[in-house]
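>>> Sequence and predicted structure below; questions after.
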Amino acid sequence: MTIAEERIDRLHALARTAVREGHEDRARTYVRRARRIAERNRCGLDRSFKRFTCDRCDVYLRAGDNARVRLQDGHVVITCSCGAQSRYPYH
């Protein structure tokens, strides 16, 4: 694991705890910083990081708090409070 990947994992954990404590702006900066590090070092983001962050407003998503999770025909629909939707298949 490279230094960049370790830093991204640490920012992911910090964003999760910041949202849990009610600091969405702080979590948003952590998510933006992690994405910037991933772009700069050309390393991909973890699947859990991609699925629990909004692509439009960069906030860390928590079901029931700032995101709505619904199951539809073979896929999960996650709707952020800003209105952006993400769809992921499941089996």
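Looks like it came in fine. These figures come from a predicted structure and were not determined experimentally.
>>> tell me, how many neighbours does Tyr60 end up with?
Tyr60 is flanked by 25 other residues according to other CB atoms under 10 Å. Backbone N, C-alpha and C define where each C-beta goes, glycine included.
>>> what comes up buried for the helix or strand bottoming out on mean pLDDT in the chain?
When the helices and strands of the chain are compared on mean pLDDT, DSSP states H and E, helix 47-51 comes out lowest with a mean of 93. Residues of helix 47-51 classed as buried: Phe49 (neighbour count, 16 or more other CB atoms under 10 Å).
>>> now swap in stretch 68-85 and tell me
In stretch 68-85, counting by 16+ other CB under 10 Å, buried: Ile78, Thr79, Cys80.
>>> so what does the next helix or strand after the least confident helix or strand of the chain touch, helix or strand wise?
Counting by DSSP states H and E, the next helix or strand C-terminal to helix 47-51 is strand 67-72. Contacts defined by 3 or more CB pairs under 8 Å, 6 or more residues apart in numbering; DSSP states H and E place strand 67-72 against strand 75-80.
>>> Stretch 66-73 - what's its average pLDDT?
Averaged across stretch 66-73, the pLDDT comes to 95.
>>> now what about it, what contacts it?
19, 24, 54, 59, 61, 63, 76-81, 90 (CB atoms under 8 Å, 6 or more residues apart in numbering).
>>> Now with 6 Å, please.
Leu61, Ala63, Val77, Ile78, Thr79, Cys80, Ser81 (CB atoms under 6 Å, 6 or more residues apart in numbering).
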